[in-house]
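Undergrad: this one's sequence-less:
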């Protein structure tokens with residue numbers, strides 16, 4: 001009955017593990033990792049474990065039992081210290097102590113073996129920490145095997161006579177397997193099933209049927225990673241999970257940067273579309289649609305600043321020689337000095353109107369011709385700069401025409417970044433290059 005119970009417990013544990021593997025939905029918060037391909041110094045590589053459980057003179061396979069079929073369940077306890085070599089492999093030095101016993105079903109013979117101490121060195125392998133299928137597993141199957149020395153003292157009872165043998169220390173081989181549950185950062189809960197091959201006299205029978213005696217230690221316990229809690233534990237680190245997490249973080253960062261750049265480009269495109277719409281001249285009369293109050297003017301018709309045809313009166317005019325004085329040049333220089341546009345646009349700021357009005361009065365009064373040359377720095381694409389310089393010159397022309405200046409005597413040209421007057425390598429130089437030049441003639 002007890003053997004059946006033992007088998008049920010083992011199968012239940014295996015079923016729990018299989019269910020977890022199928023779900024593939026581990027508790028990520030319990031999994032630890034850091035920079036992929038980083039040195040072992042990034043991790044905590046030492047750990048200690050303590051455990052307790054029960055022992056008996058049997059095993060799942062049913063061999064090496066020497067006739068002790070009436071099981072006696074006794075207390076066993078264990079501890080170890082382990083050095084993790086990789087996420088999936090470590091070397092541990094372990095201690096085991098306790099008591100093991102058993103009896104014949106007919107009650108004619110029984111034994112009790114006390115184990116004050118045993119020490120073994122084992123290699124331990126964790127399957128889930130290197131398996132892509134069990135990515136970020138909460139449950140980690142493990143197995144370890146080693147060799148050590150066990151001290152034991154056996155009392156053999158036949159009928160009513162008990163005989164205590166001298167204590168002996170012999171080599172033994174522990175084979176442990178089970179599951180580790182990553183319950184918290186640096187902490188594992190363990191459930192294990194350990195088989196121990198010991199000396200032939202362990203159960204008190206001299207020269208028995210088997211070369212070695214065998215007993216079982218079913219145990220549970222806790223494993224604690226040693227060192228600074230700021231470092232992850234190597235034994236709870238899955239290289240695949242660490243690599244994917246690092247890739248995901250970098251991907252999200254690049255995606256956020258790309259989305260921000262796309263949004264900025266879209267905003268610039270919207271501004272450019274607005275400029276194109278505002279300064280478009282469908283009827284070709286030299287006045288942009290935004291300012292044209294008489295759209296659809298026939299080609300070749302002279303228009304005023306509002307885009308409406310000019311009525312020519314029959315009158316005799318005396319043509320005088322054009323003379324540009326220093327005072328005239330000062331009016332133009334003041335206009336250039338005070339000319340400001342909205343950032344990245346061809347919209348003239350109201351602070352520039354007063355000096356531009358004086359230029360318009362000068363053009364009307366003296367019938368001057370005016371060349372407007374728009375320039376930019378080399379920031380941005382050449383296509384955008386050529387367009388912006390032309391649009392700003394056209395915007396100045398449109399304003400002067402709206403104040404009564406003759407549109408046919410004003411020429412607006414855009415040179416973009418092609419005619420700098422200062423170095424574009426400095427902020428001051430770029431500021432000087434962003435300009436509209438006025439030339440009277």
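TA: Sure thing, it's come through. The structure displayed is predicted, hence computed values, not measured ones. Numbers count the residues shown, from 1 in each chain.
Undergrad: relative to residue 138, how far out is residue 240?
TA: Separation of residue 240 from residue 138 (C-beta to C-beta, to the nearest Å): 15 Å. Every residue, glycine included, has its C-beta placed from N, CA and C.
Undergrad: what mean pLDDT does stretch 307-325 get?
TA: Here stretch 307-325 scores 65 as its mean pLDDT.
Undergrad: what about that stretch, how long is it end to end?
TA: 31 Å (C-alpha to C-alpha, to the nearest Å).
Undergrad: stretch 337-351 too?
TA: Distance across stretch 337-351, first residue to last, is 11 Å (C-alpha to C-alpha).
Undergrad: in it, what's buried?
TA: 339, 341, 345-348 (16 or more other C-beta atoms under 10 Å).
Undergrad: how far does it sit from the chain's center?
TA: Computed by C-alpha atoms, centre = their mean, to the nearest Å, the separation of stretch 337-351 from the middle of its chain amounts to 44 Å.
Undergrad: go on, stretch 221-230?
TA: 26 Å.
Undergrad: check stretch 82-92 too.
TA: On C-alpha atoms, centre = their mean, the centre of stretch 82-92 falls 28 Å from the chain's centre.
Undergrad: for stretch 392-409, same thing?
TA: Stretch 392-409 sits 56 Å away from the centroid of its parent chain (C-alpha atoms, centre = their mean).
Undergrad: pLDDT (mean, whole number) over that stretch?
TA: Stretch 392-409 comes out at a mean pLDDT of 91.
Undergrad: ok, residues contacting that stretch?
TA: For stretch 392-409, the external contacting residues (C-beta atoms under 8 Å, 6 or more residues apart in numbering) are 279, 285-288, 290-291, 302-306, 339, 341, 346-348, 353, 356-357, 359-361, 363-364, 367-370, 372-374, 410, 412-414, 436.
Undergrad: and these, which of them are in strands?
TA: Taking DSSP state E, the ones among the contacts of stretch 392-409 that sit in strands are 370, 372-374, 410, 412-414, 436.
Undergrad: make a PyMOL selection of whichever of those turn out to be buried.
TA: The PyMOL selection below is limited to those of those classed as buried (16+ other C-beta under 10 Å):
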select buried, resi 370+372+373+374+410+412+414+436
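Undergrad: output the ones in strands among the contacts of stretch 392-409 in JSON lines, with distance to residue 88 appended to each entry.
TA: Listed next are the ones in strands among the contacts of stretch 392-409 as JSON lines, based on distance: C-beta to C-beta, whole Å:
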{"residue": "370", "distance to residue 88": "82"}
{"residue": "372", "distance to residue 88": "76"}
{"residue": "373", "distance to residue 88": "73"}
{"residue": "374", "distance to residue 88": "69"}
{"residue": "410", "distance to residue 88": "81"}
{"residue": "412", "distance to residue 88": "75"}
{"residue": "413", "distance to residue 88": "74"}
{"residue": "414", "distance to residue 88": "68"}
{"residue": "436", "distance to residue 88": "72"}
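Undergrad: filter the buried residues of stretch 337-351 down to the ones in helices?
TA: Using DSSP state H, the subset of the buried residues of stretch 337-351 located in helices is empty.
Undergrad: most widely separated two among those residues?
TA: Spatially, the most separated pair among the buried residues of stretch 337-351 is 339 and 345, at 13.5 Å (C-beta to C-beta).
Undergrad: can you give me the strands in the chain?
TA: In the chain, the strands defined using DSSP E lie at 46-56, 70-72, 74-86, 89-103, 109-126, 139-158, 161-164, 168-184, 187-198, 213-225, 370-375, 410-416, 435-440.
Undergrad: quick one: closest of those strands to residue 324.
TA: strand 435-440 (4.9 Å).
Undergrad: what helices or strands is that closest one leaning on?
TA: Of the remaining helices and strands, those touching strand 435-440 by 3 or more C-beta pairs under 8 Å, 6 or more residues apart in numbering; DSSP states H and E are helix 326-338, strand 370-375, helix 382-402.
Undergrad: quick one: which of these is nearest residue 157?
TA: Residue 157 sits nearest to helix 382-402 of all those, at 100.9 Å, using C-beta to C-beta.
Undergrad: what's the spacing between the closest one and its chain's center?
TA: Counting by C-alpha atoms, centre = their mean, helix 382-402 comes out at 46 Å from the chain centroid.
Undergrad: longest single helix anywhere in the chain?
TA: Counting by DSSP H, the longest helix found in the chain is helix 239-278.
Undergrad: list the buried residues for that helix?
TA: Across helix 239-278, burial judged by 16+ other C-beta under 10 Å covers 239-242, 245-246, 272, 275, 278.
Undergrad: quick one: contacts of stretch 100-114?
TA: Counting by C-beta under 8 Å, 6+ apart, 55-58, 65, 67-72, 74, 76, 99, 115, 152-159, 202-205, 215 sit against stretch 100-114.
Undergrad: pLDDT score for residue 246?
TA: For residue 246, the pLDDT comes out at 71.
Undergrad: now it: how far from residue 239?
TA: 11 Å.
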